[in-house]
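# Model the following, please.
(3 chains)
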Amino acid sequence: MNEGLPKEQRLYKKKAIETLFEKGKGFNFYPFRVVVYAHSSEEDEPSIPRFLVSVSKKRFHHAVKRNRVKRLVREAWRRNKSEIIVNCEKHQITFDIALVYTATIILSYEEIEKKIKQLSLRLNNNYFRDEENRTNAG
RNA sequence: CGAAAAGCGAUUGUCGCAGGCAGAAGCAAUUCUGCGUGAGGAAAGUCGGGACAGCAUAGAGCACCGUACUUCUUAACAGGAAGGUGUCCGAGAGGAUAACAGCAAGUGCCACAGAAAAUAACCGCUCUUCGGAGUAAGGGUGAAAAUGUGAGGUAAGAGCUCACGCGAAAUCAUGGCGACAUGGUCUCGGGGUAAACCUUACGGGCUGCAAAACCAAAUAUACCGACGAUGGUCGUUCGCGACUGUGAGGGCUGCUCGUCCGAGUCGGGAGGGUAGGUCGCUUGAGACUGCCGGCAACGUCAGUCCUAGAGAAAUGACAAUCACCUUGGCAACAAGGAACAGAAUCCCGCUUAUGCUUUUUGCAUU
RNA sequence: GGUAUCAUGGCCGAGUGGCUAGGCAGAGGUCUGCAAAACCUUGUACGGCGGUUCGACUCCGUCUGGUACCU
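Residues are numbered from 1 along each chain as shown, chains lettered A, B, ... in the order given. Predicted structure coming up:
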């Protein structure tokens, strides 16, 4: 039952979004620019990944196409984030992530899902393996 | 070849999102389960018009803006219907189209060319006392040149006069609710331009759901410059209160009035705080069907139905089968395709973008 | 979502319905031993479509694109 995407797993508060883009670290991962801000959970914050997808009006003029891209990306994320949830709970981490779609064509669902899977793997390696090493060492 | 209207896949499975209803758990926030609902004809542009809300349940005058053949229709409109007139197309029947009041109220403008662009005299013509006077027949440039033809008339000419036309204003008669049409009388011949100023008639208060209302949270004010009422009467528990004045300044649209508030206000540059939730929010000039009235747009009445309400912003993804279209094929089938486009307070229009399917209907040909 | 406003050469920017100024930049030349500066010459524009008008950058409608404000 980890495939849902309720409101608490989405990033919708203005302040949280500003914090993410201010403090988070970004890197390019075609077809996305990924911005991540992983930090220890505070009292009122749950230990889960919080997700945001953004498609610029500059690349897709029509709202129909923007909606299509957002729906595909959201769907792919929804199906492939279960491992990150487990890791977040384990390490008491709030994991804010923004996916900015930078390609100029609409990729198929298969391609996007493939990319999201690769991304998920990379995130798990970069953020949670380090945490484990550090806790073990410390 | 047109015209009008309707539709935009269906079912199943596995996940997912947003409202609603019902049930269960919980002190509550909320969670779980079930059922059912969830983009458009343009949701778009924001070009008209409203509803609704705030400002005085919106006042006067001027300014400003809009509209412009008539009648009807509508909550209203620059929308719609039926007619009228002009222009264009057509042999015709007929069709298409029009910001379609006024330049005969006033003012302005009309480049270049041309004698002259609107109280016409440069050439020409005629007369002459050689100073000049009369004259719009001829000049051919221009987008536009002073009503056309003929006759009379004259020094030469001219609507100067007459006849027949053309066009216009006024007026009368007939028909029509009316725009207008037909005919008569009389007066005229004034070039174009009002999407030039303007005139006439009618209409328009301003701002917009980021309006407005409520709850919660958070605060902090000081400095500089300008302007400013604190009077009277009554009551009094002597704190003050009521009534009535003077009043800077502010609200109401740009100005003037008018009106309301009024003890601090305005301007300047600093500094601080918030930006979370509820409501507005979807039952409405609603939709569909039928009768009747009307040429029609549309209206009255009756019955049935409830049909999105998000908020970093839902309405989705994948798979299978069946339908739809195109191409190939006798067929089975195979390959490919499916437009324009995504609600944001809500309606009525207009405009723009659009692929196909279905239904009704008109014309032409066979 | 709503309300305004703008669009003129490569860039900035004026423009009463009648030939679209000016500056910067570019190109060629003069000057110089070479350059700079100066001077001379020169190319390049009215966002698209339609209407009014004899004639439209200008007036009107519509479409496209940009900018600002309201929270």
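# Just checking the one helix or strand A:N67 maps to against RNA strand B, any contact.
Assigned by DSSP states H and E, A:N67 belongs to helix A:63-79. Yes. Legend: contact between helix A:63-79 and RNA strand B by C-beta under 7 Å from any atom of the strand is shown at A:63-64, A:67-68, A:70-72, A:75, A:78-79. For the C-beta atoms, the positions are set from N, CA and C on the backbone; glycine is no exception.
# Neighbour-wise, which one of these leads?
A:L72 (20 neighbours; other C-beta atoms under 10 Å).
# follow-up on the earlier one: what's the following helix or strand after the helix holding A:N67?
Assigned by DSSP H and E, the successor of helix A:63-79 is helix A:82-91.
# any chance of the residues of helix A:63-79 next to RNA strand B in TSV, plus pLDDT?
Below are the residues of helix A:63-79 next to RNA strand B laid out as TSV (pLDDT from 0 to 100):
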residue	pLDDT
A:A63	84
A:V64	85
A:N67	87
A:R68	87
A:K70	88
A:R71	88
A:L72	89
A:E75	88
A:R78	88
A:R79	87
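# Including distance to A:L119, could those residues go into TSV?
Converted to TSV, the residues of helix A:63-79 next to RNA strand B look like this (distance: C-beta to C-beta, whole Å):
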residue	distance to A:L119
A:A63	26
A:V64	26
A:N67	22
A:R68	20
A:K70	16
A:R71	18
A:L72	14
A:E75	15
A:R78	14
A:R79	13
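# the helices in chain A, which residues?
A:14-23, A:63-79, A:82-91, A:109-123, A:130-137 (DSSP state H).
# residue ranges with poor pLDDT in chain A?
The model of chain A has pLDDT under 70 over residues A:1-2, A:42-45, A:129-138.
# run the last query once more with 80
In the predicted model, chain A carries pLDDT under 80 at residues A:1-4, A:12-16, A:18-19, A:22, A:39-47, A:58, A:128-138.
# Return the residues of it in contact with RNA strand B.
Checking chain A against RNA strand B by C-beta under 7 Å from any atom of the strand, the hits are A:1, A:3-7, A:10-15, A:17-18, A:52-54, A:62-64, A:67-68, A:70-72, A:75, A:78-79, A:108-109.
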